[in-house]
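Asks: I'd like to go over a predicted model; first the sequence, then the structure.
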Amino acid sequence: MMHDNNMKTFVYMGGINLTKKSGVGKAVYHQISMLEKQGISVNKSGLKQSDIVHINTVFPDSVFMAVRAKALGKKVLYYGHSTMEDFKNSFVGSNFLAPVFKQWIVFCYGLGDAVITPTEYSKSLLEGYNIKKPVYALSNGIDTYYWRKEKELNLIQKKEFLKKYNLPDDKKVIMSVGHYMERKGITEFIELARNNPDYSFIWFGYTPSVLVPARVRKEIRQSPENLIFAGFVDSAELKKAYNFCDLFLFMSHEETEGIVVLEAMACEIPVIVRDIPVYNGWLVNGKNVFKFKQNDELPGILKQVLNSTDKSIVKEAGKTALERDFSRTGQRLSAIYDIIKAI
């Protein structure tokens with residue numbers, strides 16, 4: 001269903017340079033694609049001509065924009081990407097600041113006419129904070145036309161990919177993606193690599209060292225030879241990684257959704273995630289992903305998954321990603337628009 005073409009949306013892009021390399025940055029571009037697929041005009045007219053304003057960050061300039069939009073009589077949709085729970089164990093000082101951060105995001109989200117957050121889990125957290133506005137769960141979505149198993153990629157390209165990252169071509173490659181945060185399980189990933197020298201490990205993503213706690217920096221410096229830190233790469237390179245690596249392992253302890261998990265599933269690489277509440281109800285162990293509770297279960301699971309020829313789980317993962325394709329999440333977003341307009 002295309003939406004009425006008179007709808008105009010202003011997606012506030014302030015702070016995008018700070019979040020561009022994170023899930024929040026990706027989510028902003030996802031919203032724009034979703035809305036355009038629904039025939040809704042995005043950022044074509046300025047704030048004053050728009051009907052609905054999207055805010056995605058909790059920086060002071062975003063608060064100023066929300067207040068300004070309200071003063072102009074616009075409907076404000078605040079995206080709840082952050083929770084106190086996923087702020088903890090992230091950057092230097094984050095645990096100390098977490099209670100203050102919680103009060104701040106409650107204030108920010110309260111400026112919206114409604115709040116959208118990616119999963120039922122993050123919705124339950126935000127509702128527990130006593131935010132007085134309606135909270136809707138809506139996936140960040142995924143472009144399954146872009147993120148997919150590429151039939152065209154060949155062995156020569158795979159060899160080039162392995163060579164680029166100094167990965168031997170006789171070892172299985174286990175990949176992960178994320179910031180250098182304890183919450184993302186980076187130190188445990190390093191430990192796993194150290195204890196499993198028969199596999200190659202590669203971590204995509206980067207965090208400026210000033211934000212990385214000293215003990216994490218030390219672990220990265222002392223990481224084993226079979227682990228490569230590839231740094232931040234663009235989407236085209238990441239898509240190659242999902243297609244050429246043998247397994248995607250996401251050891252994160254806390255997420256509001258995990259866009260990279262959706263990307264990996266869409267590319268039909270076997271996915272292993274930690275068994276945490278955010279995945280309840282949509283990621284099922286042995287159906288579309290594999291889950292682990294304790295790190296010591298991993299060597300057995302890695303062996304099982306890497307030696308398996310069964311493709312049914314990755315096919316099921318592809319279907320789960322398809323349910324969150326922009327075309328579907330966009331329809332749900334435009335339905336939320338109808339509700340907000342009536343508030």
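Replies: Okay, I see it.
Asks: what comes up buried for the least confident helix or strand in the chain by mean pLDDT?
Replies: Every helix and strand in the chain was compared by mean pLDDT, DSSP states H and E; the lowest is helix 16-19, with a mean of 82. Within helix 16-19, the residues scored as buried using 16 or more other CB atoms under 10 Å are residue 19. Heads up, the C-betas are built off the backbone N, CA and C, glycines and all.
Asks: what packs against that helix?
Replies: Under the contact criterion of 3 or more CB pairs under 8 Å, 6 or more residues apart in numbering; DSSP states H and E, helix 16-19 touches helix 23-37.
Asks: I'd like the mean pLDDT over the helix it packs on, please.
Replies: What helix 23-37 shows for mean pLDDT is 91.
Asks: name the strands paired with the helix or strand that it is followed by and say parallel or antiparallel.
Replies: Sequence-wise, the next helix or strand downstream of helix 23-37 (DSSP states H and E) is strand 41-42. Applying DSSP bridges to the sheet, strand 41-42 is found paired with strand 8-11 (parallel).
Asks: ok, back up a step: list the contacts of the least confident helix or strand of the chain.
Replies: Outside helix 16-19, the residues that touch it by CB atoms under 8 Å, 6 or more residues apart in numbering are 25, 28, 56, 57, 59.
Asks: tell me which of these is nearest to residue 103?
Replies: Nearest to residue 103 among these: residue 59, at 15.6 Å, using CB to CB.
Asks: identify the residues contacting the closest one.
Replies: 14, 15, 18.
Asks: thinking again about what came up before, redo the contacts of helix 16-19 as a markdown table? Include distance to residue 201.
Replies: Formatted as a markdown table, the contacts of helix 16-19 follow (distance: CB to CB, whole Å):
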| residue | distance to residue 201 |
| --- | --- |
| 25 | 25 |
| 28 | 30 |
| 56 | 32 |
| 57 | 32 |
| 59 | 34 |
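Asks: which residue is the nearest non-sequential neighbour of the residue nearest the centre of the chain?
Replies: A centroid search over the chain (CA atoms, centre = their mean) returns residue 259, at 2.7 Å, as the residue closest to the centre. By the measure of CB to CB, 6 or more residues apart in numbering, the closest residue to residue 259 outside its immediate chain neighbours is residue 23, 4.7 Å from it.
Asks: helices along the stretch 201-343 of the chain, start to end?
Replies: 214-221, 235-244, 259-266, 298-307, 312-322, 326-342 (DSSP state H, counting those that start in this stretch).
Asks: packing partners of the fourth one?
Replies: Think helix 298-307. strand 247-250, strand 271-274, strand 290-292.
Asks: what sits up against that helix?
Replies: 172, 174, 192, 195-196, 199, 246-247, 249, 270, 272, 290, 292.
Asks: repeat that for 6 Å
Replies: For helix 298-307, the surrounding residues in contact (CB atoms under 6 Å, 6 or more residues apart in numbering) are 172, 246, 247, 270, 290, 292.
Asks: give the contact list for the second one.
Replies: Looking back up the chat, that one is residue 246. Contacts of residue 246 (CB under 6 Å, 6+ apart): 172, 173, 306.
Asks: ok so, going back, dump the helices of the stretch 201-343 of the chain into TSV; add distance to residue 207 as well.
Replies: Shown next, in TSV, are those (distance: least, CB to CB, whole Å):
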stretch	distance to residue 207
helix 214-221	9
helix 235-244	16
helix 259-266	15
helix 298-307	24
helix 312-322	26
helix 326-342	28
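Asks: out of those helices, deepest packed?
Replies: helix 259-266 (a mean of 26; mean count of other CB atoms under 10 Å).
Asks: could you check how far it is from the centre of its chain?
Replies: 8 Å (CA atoms, centre = their mean, to the nearest Å).
Asks: elements contacting it?
Replies: Under the contact criterion of 3 or more CB pairs under 6 Å, 6 or more residues apart in numbering; DSSP states H and E, helix 259-266 touches helix 312-322.
Asks: ok, 7 Å please
Replies: Helix 259-266 is packed against helix 23-37, strand 247-250, strand 271-274, helix 312-322, with contacts defined by 3 or more CB pairs under 7 Å, 6 or more residues apart in numbering; DSSP states H and E.
Asks: how far off centre is stretch 236-250?
Replies: With CA atoms, centre = their mean, you get 15 Å for stretch 236-250.
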